[in-house]
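**Student:** generate a structure from the sequence data that follows.
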Amino acid sequence: MIRKITENDKNEYIKMAEEFYRSDAVSHGIPKEYFINAFNEAVKGSPFIKLYILEQEGIIAGYAAAAVTFTTEGGGKTLWIDELYIKEQFRGRGLGRGVVKFFQSDKSVKRIRLEVTPENERAKHLYKSEGFKECEYRQMIFNNI
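**Tutor:** As a prediction, this is how the structure comes out:
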């Protein structure tokens, strides 16, 4: 089951987000306040970030974060799968594939983007099997913080 995050999920979400940023799925950590900011924005209904809780048999199994934008190149509304975290004991049960299909089912979205670290072979395999292609761009960032 995939559901929108609620106020009651705050502590569990922050714990999972901290675990995600200590994993090989990302190349660096971020301050805890960033998780709190993301949570607060999502709960208040921001159009730019969506947080979802993944459950299996009524137990929280992970979360997904998606950012929403518009790109000319993509032909319209673009969804960025910013984070997809599944707890260790729930991996290999189809939850990741379910989340990808959930996002793909939104017909208002013209393009879905995501990042994968080079060593995260399991994630790359999943995304390629669901039709994702590697992007030829090198990403650059500027932090105005």
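**Student:** please make it C-alpha for all contacts and neighbour counts, starting now.
**Tutor:** Will do.
**Student:** does anything pack onto the helix or strand of the chain with the lowest mean pLDDT? Which helices or strands?
**Tutor:** Ranked by mean pLDDT, DSSP states H and E, the weakest helix or strand in the chain is helix 121-129, scoring a mean of 93. With contacts taken as 3 or more CA pairs under 8 Å, 6 or more residues apart in numbering; DSSP states H and E, helix 121-129 sits against helix 95-104.
**Student:** now do the buried residues in the helix it packs on.
**Tutor:** Neighbour counts over helix 95-104 (16 or more other CA atoms under 10 Å) mark 95, 96, 99, 100, 104 as buried.
**Student:** mind listing what the third one touches?
**Tutor:** Residues in contact with residue 99, defined by CA atoms under 8 Å, 6 or more residues apart in numbering, are 2, 64.
**Student:** and what of residue 6?
**Tutor:** Counted by CA under 8 Å, 6+ apart, residue 6 has contacts residue 43.
**Student:** could you redo the last one with a cut-off of 10 Å?
**Tutor:** 13, 39, 40, 42, 43, 44, 51, 52, 53 (CA atoms under 10 Å, 6 or more residues apart in numbering).
**Student:** thinking again about what came up before, now tabulate the buried residues of helix 95-104 in a markdown table and tack on pLDDT and distance to residue 114.
**Tutor:** Converted to a markdown table, the buried residues of helix 95-104 look like this (pLDDT from 0 to 100; distance: CA to CA, whole Å):
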| residue | pLDDT | distance to residue 114 |
| --- | --- | --- |
| 95 | 95 | 17 |
| 96 | 94 | 13 |
| 99 | 96 | 13 |
| 100 | 96 | 11 |
| 104 | 97 | 13 |
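**Student:** and which of those is nearest residue 23?
**Tutor:** Nearest to residue 23 among these is residue 96, at 15.9 Å by CA to CA.
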